[in-house]
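*Asks:* predicted structure and sequence below. I'll ask about it afterward.
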Amino acid sequence: KNEVEQSPQNLTAQEGEFITINCSYSVGISALHWLQQHPGGGIVSLFMLSSGKKKHGRLIATINIQEKHSSLHITASHPRDSAVYICAVGSSSGSARQLTFGSGTQLTVLP
Amino acid sequence: DSGVTQTPKHLITATGQRVTLRCSPRSGDLSVYWYQQSLDQGLQFLIQYYNGEERAKGNILERFSAQQFPDLHSELNLSSLELGDSALYFCASSVGGGPYEQYFGPGTRLTVT
């Protein structure tokens, strides 16, 4: 079983829809990261969180430490949100600096 | 633009060869991380340096090595290349050595033929 599981693997939405991507992990963590990878390959860090909720524009990330679960929400989705969204965790034991990655969620937003 | 630079953008080489990938971190960042992204394995952590010293090691092959120089730029050396080494190699940087937000470079696409 992978330490970091993301769902769904693929998601297609219509422009304007509210989108949720989920991430579950099996280890104690120091922090959880949400990353965005565009078709060109570049990776952008969206959020790093260890508790609660963070918001940036139309993006919201939440984490429930007890349930070992995080969600990334996109409100009023737009075709430019089409990308792969990757969840990554830093372990609280051993090397917190070593990130373990989920396999990513391919999001396509149709106009 | 994250402020992290990587060169070259693309690299095509033959099996058995040796290549060097270069990364310059954001101004002020002391930590550099190397990651490999292949089609079958996804993103994997290779190694981290903090202020010139190795801090953490992941799934890095013995044929691969890295270092961070006094000016904080880092190089990843890949030798005795195999077809399976074809991948995107990303460098990221962060301000400190702990769990800080990481800023990713544009990546180097390595193709081994």
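*Replies:* Received it, and whenever you're ready, just let me know what you need.

*Asks:* show me the strands in chain A, by range?
*Replies:* Remark: strands assigned in chain A by DSSP state E are A:4-7, A:10-14, A:19-25, A:29-37, A:43-49, A:52-56, A:59-64, A:69-74, A:83-91, A:99-101, A:105-110.

*Asks:* in the sheet, who's paired with residue B:34?
*Replies:* For residue B:34, the residues forming beta bridges with it (DSSP bridges) are residue B:47, residue B:91.

*Asks:* burial measure for it, as a count.
*Replies:* Residues lying near residue B:34 (other CB atoms under 10 Å in any protein chain shown) number 23. The way it works is simple: take the backbone N, C-alpha and C, and place the C-beta from them, glycine included.

*Asks:* cool, residue A:49 as well?
*Replies:* Residue A:49 has 17 nearby residues by other CB under 10 Å.

*Asks:* contact partners for it?
*Replies:* For residue A:49, the contacting residues are A:31, A:32, A:61, A:63, A:70, by CB atoms under 8 Å, 6 or more residues apart in numbering or on different chains.

*Asks:* can you list the strands of chain A in TSV and add distance to residue B:11 and mean pLDDT?
*Replies:* Converted to TSV, the strands of chain A look like this (distance: least, CB to CB, whole Å; pLDDT from 0 to 100):
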stretch	distance to residue B:11	mean pLDDT
strand A:4-7	29	95
strand A:10-14	30	97
strand A:19-25	32	97
strand A:29-37	20	92
strand A:43-49	18	93
strand A:52-56	34	95
strand A:59-64	33	97
strand A:69-74	33	98
strand A:83-91	23	92
strand A:99-101	23	90
strand A:105-110	26	97
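
*Asks:* near chain B, from the contacts of residue A:49?
*Replies:* residue A:31 (CB under 8 Å from any CB of the partner chain).

*Asks:* farthest-separated two in the contacts of residue A:49?
*Replies:* Of all pairs drawn from these, the greatest distance, 11.5 Å, lies between A:31 and A:61 (CB to CB).

*Asks:* how close does the spatially most central residue of chain B get to residue B:71?
*Replies:* Centroid-nearest residue in chain B: residue B:34, 3.3 Å away (criterion: CA atoms, centre = their mean). Using CB to CB, to the nearest Å, residue B:34 is found at 17 Å from residue B:71.
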